[in-house]
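A.B. asks: using only what follows, build the 3D model:
(2 chains)
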Amino acid sequence: MLSVEELRKGFGSGRRRLEVLKGINLKVEKGELVSLMGPSGCGKSTLLNIIGGLLEADSGNITLENFDYGTKSPNKVVDVRRNGVGWIFQDFHLVERLSALDNVAFSLELSGMSAKEAEDRAWTALERVGLGDRMEFIPDQLSGGQQQRVAVARAISGSRPLILADEPTGNLDVKSGEEILDLFQDLCKNDGISVLMVTHDPVLASRADRMLLLKDGVTAASDIRSAWGIEEGV
Amino acid sequence: MEIQSLFSEVIPTMIFAWVFLLVFLGFMNLNAKIRKWLLKIAKNASEPSLAVANDFGSSAAGGNRKEKVSVGQKFEKFYLGFKTTWLAAPNNISMAIKSAWRARERGLAIFAGVFLSSLVITTVLAYAVGLNQGFFQFSLEGEVFDAKLDFQKDPGGSWDGRTNDSVLWESFCDDLTDMEEFSDCAIVYGRQGIRISGFFDDSFAVPQPLNVVSATGTSADWGNVSWDYPEAFENGPPINDGRTIRFYGSGVWDGELADRHAKSLIFGEWPNSAADAEANRSVILPSKIASAAGAEVNETISSLTFSYINGTYTFDQAEKVFEECQGTIDSNLEVGRIYCLESFTVTNLTIVGIYEEGDFANPTLLFHPVMVTDSVLSDEQKLTLMQKDHAYLGLAVDRNQLPTTSTRDATNWLSNLKGDLENVNGDLTLIDPATNESFVVKDATLPRFFAVGACSDVISDEVLRDVSTGEVEVSCGDEGAFALIAVEYNDLITGTITFLNIFLGIIQVFDYILVIPIVALSFVVLAYGLVLSLEQRRREVSIQRVIGGTEQTLGRMMVIEVFAIGTIAWALGFILATASVEIVLRAVGFLRFTDAGDLDVNPILSGGSTFVVGLLTIGVAYWRGRVTTQKFLSMEIDEGVRKVNKEREPYYLLHWLTFAVGSLALLESWIQSNGGFWIWGSSGIITNFIVNAVVLLLGPFFLWIGGALVLSQIGATGPQILNRLFGWSPAISDIRRGLSGSGSSQSVSRLSLILLLTLSIVTLAAVQGHTGTLVDERTTNAQNGADLKIQFDTALTEQEARNRVMQSIELINDNDISDISSMTSVGTIFTETKDTGVPLLTWVIFDGHEDTLIWDKQAIPGDNIASLADTLSSSGYTAGNLAEDSLDNPISGSSITLIYRSYELNEFGIPIETGSSEATVSFAGRHQWVPGYSAAETNSVIVIGEGTYRQLVGDSTANSYRSSTWMFELCDQTKASCKDALETLGADLKSRQGVVSASDWSTAHEQNERNGGLIFGTPGLLSMMFVVAALASISSAFVFLSLVLSQRKRELAILQAIGASPNQVVRLVLFEIMSILLVSMILGVTLGLAVAQSFNGFFGVFGFIFQLFLGQSAPIDRDLAWPWFEIVLVNGLVFMAVVGSLLFTTRRALDSDLATVLKGE
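C.D. replies: Numbers count the residues shown, from 1 in each chain, chains lettered A, B, ... in the order given. Got it, this is the predicted structure:
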């Protein structure tokens, strides 16, 4: 479903140039929950941003369902953000002045859906994430976990095949974090949505189907032991 | 306003004031600390034993030992503190400026607020200073001399202090001009010395001038000229009723005195130096004399004989006069004196100039003399005139030295000057004649002596004082003339100034009230800018606290930033205001100004005022900044980090209450001006006089503030309104939901509030400014009646009047007036009603009057002047309100029959009726006034047309109609070139024999612009308000919008992340802001119009007071004028500024790195 080939990205120029991604290759299948881990500053968020169409790579290619991009500028990949990828951020990033329902419906309307349909879908999505009774609340009136669930609803309401989650539980307490993970697993198993998740938390990471380690600008390893550099058999 | 004084006076004062402000603020800060410290010292000092005992006690009890801090440690602590605060200051300041530069919009917001308030407050204060100066200049314009300096004692006493040497007396002028109070001085042979004070002393009128007796010349008809001048008697105390003459010394022909004299010349030129005057044997004639003789410039007067006073006698000395007097005897009954006059003759004078006789001002030096150079007098003549007390020194005071802070300060200054010149204090030793003992009078007021001539350099002031106390006598051994003199200073300005005092007070009150909205606005902008800029830092501050930044350093940084930006803004606003106040004062209409030369003011604020401006701007910004900073610092950390500001609910009830009061006042003032509405009569809803007055005076402000607060709520719902109206359209349908959520944020409703406040002031200023201009024009139309209104001294036929005026037209030879377009007059007859015998003063308006008379809609019944003309021609009549009463309030259309009786005088001189005729007229309505005549005059008359007139008096009388007052239509008085022509024509006619007065539209209009209704730069204040409010609206829209939008950067990035295209983002921002802008604009203009209407009553009251003071006769209704052009212009500019800042900021937001923005600032 998602295929990344030889993705490269560097920042700065001349002597100050820093190559962050030096040839990333990865695949995500439909319905997979994949966690992406690595040391601080290794470029996890950068990789996610490129896949999510918020940043352009220097070279390489990304294929997501029918979308083909990677080196295109963010303004040219609006469709990817609309119909390909749903975002979940550590800071939730909801629109402060809109209610939960409006937050979700608005994102659908921006993609061109009619108001009626958008509202129906929003309603459904919010029910799905368990916020049926809080639809009229604005973000300030919701707890962290609830806000993140609104974000999830927003991400899934558009029938997008892939969800990108950047430290989704970073601002949440343990219990709320676990609930979010439960939700992810549910979505992957029952709705066929793929989730690519960046996290520091090994506990969270261990609940994923697969783990990727990003080290020295390339991806490596598929299981947690290797991901932490622990040799097989020890 | 000279650039030089800007640098030499204004900037040093600013620097001093700023440093003082710094010290002041620092002191306030230290105040608390010092107080604590002092308290501690006091405690220690008063109870040292207790401290010792404590030590003892604690050591004995083995309790806590107080650490004894050594002096060295104390010093170290102090030094550390000193280092962090003061030595690090430059570094802190530069860091503050750098951080401000990085977040430019934030700094710009603070800058805008402080700059605006500094500009406005400085303008208001400097305006008051300039107003005083301008007023003095304007009212003293007519005076050529500011003081008459005479000898302190009458001639012929045993007492010293006089000299008969005219050269010595004249030389004293040099000493006087050396003093900084005087700018020019000259010897004048003219009126005798005045040694009493005030006009009201009977003996004020005793000293007499030199009078012209006769003149001869070849080219003009001097024999026909009458040298009587009865007008002099009528326009002042009864001093002298003949034409006076003055001989001027060299000081008059150059410098300030020459400038002053030259202003009123209409023909010829003022001599440019004493040598020039002497060479030509120059004489300058008053215009009436010149026209009576038919004399022109460059002609010669072969001989001129004038009289002087040889002796003055009281009535009981009458016999003595007849014995002694060799010359002419004349008496003045009013002052009870008999004068013996002798005469001198001077010959071969050349007329170098003719001046226009202006108003009759201060009578001390009498009026409109013939002026001749004193070089034509022989030495013997000068000696005689000196002996007979006919020589004084005419002084020009340096008017820039006059204190302008208040008229009382000015009059005090003048009386101090007088005291200085006349008196000196010293101990006087006297001998009691009874006991022959000497006693000392301490600190007596003694006459002051000056030394003139030879030896005067070496005689010191101390010696002169001893002369006053009688201790020494002085003589001069040198060759050459020498004298000790004592002088009497007769001031000519104080009377004028005292009158001004009251007048000025009223104007200042009026003007200060007028500027309240703009001052309030500037403080609002200041507060708004501060709040916006500091709020941005709230999160930053809390986060920095988390990582360990001390509250002190953070607070200091923020405050220094405010102070640094504030200083720059204050300085710029201050300088700009000081430089442009002069322009404000020169305003004669809304955004119309006279030429630069007309007014010469130097409105430099004192150090104290400069400090006050700094305190009110930088000081307030600093204080608010500190308070807000401390609030942030004391907040809970998590509260600070929260993204949504938990806002205090605005006091909605208060807003609505204010609005309600304001609306009530508006309604009240409208009802009153409308003469009643529905159930309320013309006194309005509120009948209690005091409550009514308070409501009307405060109403406009309440309406403005309350209206802005309430209406900004509506303005902030602009997006919702847009959704409702256009939500279906494809441009909006996909972003609808995003739009509907906006507006609830406080910063957006604040933006709407600022727009409302500024645009309403713009509208208010433009409306009232234009209305004022219009009122001036209409007032002139009502007073003057036509382009030219002339009153002759006899009744003339139309042809005769035409001929006279055509003469002048040909003489002035101006392209703009080549012929009389039309002329008319208003006739007067007496009639009575047939049935009831009510006598009626009847005025006649001739056919075609509407071509000449400038009618005003307010003056006539109905709205249409052409139909009034028709009505009058077809047997209609109008009546003034008193005439209406006497006719028992006729209904429109009802008829009365008028009877006119003609009379002749029989051989005994008794009038006998020779016939009568009738005419029937129908009532057309009430007239308020007839152009050219006052409302008071026309109240009790009825007006009929020419047709009716002919019916009543017959054609032969009508055709031989004569009148002494005629009105003329000559050119289009709204054009500048026509105005100039009218002025010249009027001046020429005025100077002609047989013309009592000639008033042209242009001169009358100028006077009204200056005096009528709104005085002296009040139109300038309105212009200032307009310009400042317009700038404020454009700049606040730009600055605050940029600030608000940059706070939105993250939201815009989020929207893009969830699928908004750049186009959608742009549309979202655009429609949200545009809708708020448009709604706020419309509401702002509406509010402005409502406040303008509400202000009308306020303007009307003051206008009425001014008119009372200056005696205008036809109070014009303030019908508001709607200045569409200015309003559209300003709103258009605001719109463009907003669009510009929108496009700019949104583009920046779109271009920026989405990923970075989403990660955090």
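
A.B. asks: so residue B:480 is in which element?
C.D. replies: Following DSSP states H and E, there is no helix or strand that holds residue B:480.

A.B. asks: over to residue B:350?
C.D. replies: Per DSSP H and E: strand B:337-355 holds residue B:350.

A.B. asks: buried residues, that strand. List them.
C.D. replies: B:337-341, B:343-344, B:346, B:349, B:351-355 (16 or more other Cβ atoms under 10 Å in any protein chain shown). Any C-beta I mention is one placed from the backbone N, CA and C, and that applies to glycine too.

A.B. asks: same for that strand, what does it pack against?
C.D. replies: strand B:265-268, helix B:274-280, strand B:282-286, helix B:287-293, strand B:300-314, helix B:318-324, strand B:328-332 (3 or more Cβ pairs under 8 Å, 6 or more residues apart in numbering or on different chains; DSSP states H and E).

A.B. asks: could you redo the last one with a cut-off of 6 Å?
C.D. replies: Packed against strand B:337-355 by the contact rule (3 or more Cβ pairs under 6 Å, 6 or more residues apart in numbering or on different chains; DSSP states H and E) you find strand B:265-268, strand B:282-286, strand B:300-314, strand B:328-332.

A.B. asks: circling back: looking at the buried residues of strand B:337-355, spot the one nearest residue B:122.
C.D. replies: Nearest to residue B:122 among these, counting by Cβ to Cβ, is residue B:355 at 41.0 Å.

A.B. asks: how many neighbours does the spatially closest residue to the closest one that is not a sequence neighbour have?
C.D. replies: Counting by Cβ to Cβ, 6 or more residues apart in numbering or on different chains, residue B:355 lies nearest to residue B:264, which is 4.4 Å off, once chain neighbours are set aside. A total of 20 residues lie near residue B:264 under the criterion other Cβ atoms under 10 Å in any protein chain shown.

A.B. asks: separation between residue B:264 and residue B:229?
C.D. replies: Residue B:264 sits 17 Å away from residue B:229, going by Cβ to Cβ, to the nearest Å.

A.B. asks: still on that earlier bit, just the helices and strands packed on strand B:337-355: most buried one?
C.D. replies: strand B:282-286 (a mean of 26; mean count of other Cβ atoms under 10 Å in any protein chain shown).

A.B. asks: counting contacts, what elements does that strand pack onto?
C.D. replies: strand B:337-355, strand B:370-373.

A.B. asks: what lies in contact with the longest one?
C.D. replies: The reference is to strand B:337-355. With Cβ atoms under 6 Å, 6 or more residues apart in numbering or on different chains as the test, strand B:337-355 has contacts from B:206, B:213, B:264-265, B:267-268, B:270, B:280-285, B:287, B:290, B:295, B:297, B:299-301, B:303-305, B:307, B:309-313, B:321, B:325, B:327-328, B:330-331, B:376, B:381.

A.B. asks: direction included, what does it pair up with?
C.D. replies: Sheet pairing here is set by DSSP bridges, and for strand B:337-355 it gives strand B:265-268 (antiparallel), strand B:282-286 (parallel), strand B:300-314 (antiparallel), strand B:328-332 (antiparallel).

A.B. asks: does the closest residue to residue B:834 other than its chain neighbours lie in a helix or a strand, and which?
C.D. replies: Using Cβ to Cβ, 6+ apart and skipping residues adjacent in sequence, the residue nearest residue B:834 is residue B:897, 4.0 Å away. According to DSSP H and E, residue B:897 maps onto strand B:895-905.

A.B. asks: next: residue B:691.
C.D. replies: helix B:689-716.

A.B. asks: ok, then the element right after the lowest-mean-pLDDT helix or strand in chain B?
C.D. replies: Ranking every helix and strand in chain B by mean pLDDT, DSSP states H and E puts helix B:48-61 at the bottom, with a mean of 46. Scanning forward in sequence from helix B:48-61 by DSSP H and E, the next helix or strand is helix B:71-82.

A.B. asks: buried residues in that next one?
C.D. replies: Buried, per 16+ other Cβ under 10 Å, within helix B:71-82: nothing.

A.B. asks: mind listing the helices for the stretch 651-800 of chain B?
C.D. replies: When assigned using DSSP state H, counting those that start in this stretch, the helices of the stretch 651-800 of chain B occupy the ranges B:652-674, B:689-716, B:718-726, B:730-733, B:736-740, B:746-784, B:798-812.
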